[in-house]
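> this one's structure only:
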Ligand SMILES: [Zn+2]
């Protein structure tokens, strides 16, 4: 897509620090990282939102994310864990509308805040109702 920053990085028009370049998806460092090594796994072709993502390509993205985490752990990066997440839509914090899985390496007392919202445990019936509404479309 012409005005997409990630497409421009993938095409070489803008610089990127690549961890991996594959045929269908690639991994590169986030320019504004949550933690050292914060990596993005992206489809090589422009895909804006989850609604547009081929599930098989999504599987390839997650497989690549898995390999990236394993490589990070072997690399000597100062980490004891990682958060993987994907923001689908601006209301969910998606800042670049080219889907990407975030991989944020973590270590004790790193100051990165990534937790459940406050509010405690949800009633099972409420959980089941939400689960069913999604399951009906699987
Ligand atoms: Zn793009």
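Nice, thanks for sending it over. Note that the coordinates shown come from a computational prediction; the quantities given were computed from them, not determined experimentally. Numbers count the residues shown, from 1 in each chain.

> got the buried residues for stretch 84-91?
Under the neighbour-count criterion of 16 or more other C-beta atoms under 10 Å, stretch 84-91 has 86, 87 buried. From N, CA and C alone the C-beta is placed, and that goes for glycine too.

> can you list contacts of it?
Stretch 84-91 has contacts (C-beta atoms under 8 Å, 6 or more residues apart in numbering) with 49-50, 65, 69, 93-95, 97, 99-104, 114.

> ok, these vs residue 132, which is closest?
Checking those against residue 132 with C-beta to C-beta, the nearest one is residue 50 at 20.0 Å.

> which residues touch the closest one?
Going by C-beta under 8 Å, 6+ apart, residue 50 touches 58, 86, 88, 99.

> Backbone torsions only: list them for it.
phi -60, psi -40 (degrees, to the nearest 10).

> do the one 3 residues further on as well
Main-chain torsions, residue 53, degrees, to the nearest 10: phi -90, psi 130.

> Assign the nearest residue to it once chain neighbours are set aside to helix, strand or coil.
Of all residues not flanking residue 53 in the chain, residue 47 sits nearest, at 5.2 Å (C-beta to C-beta, 6 or more residues apart in numbering). With DSSP: H, G, I helix; E, B strand; the rest coil as the basis, residue 47 sits in coil.

> one step back: please type out the ChimeraX selection for whichever of the contacts of stretch 84-91 turn out to be buried.
In ChimeraX, this line selects whichever of the contacts of stretch 84-91 come out buried by 16+ other C-beta under 10 Å:
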select :65,69,94,97,99,100,101,102,103,104
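
> Specify which member of the contacts of stretch 84-91 is nearest to residue 131.
Among those, and counting by C-beta to C-beta, the member closest to residue 131 is residue 50, at 18.1 Å.

> any idea how far the ion is from that closest one?
14 Å (C-beta to the ion, to the nearest Å).

> again, but for residue 127
Separation of residue 127 from the ion (C-beta to the ion) stands at 35 Å.

> Surely the residue nearest to residue 53 and residue 99 touch.
Yes - the criterion here is C-beta atoms under 8 Å, and residue 47 meets it with residue 99 at 5.0 Å.
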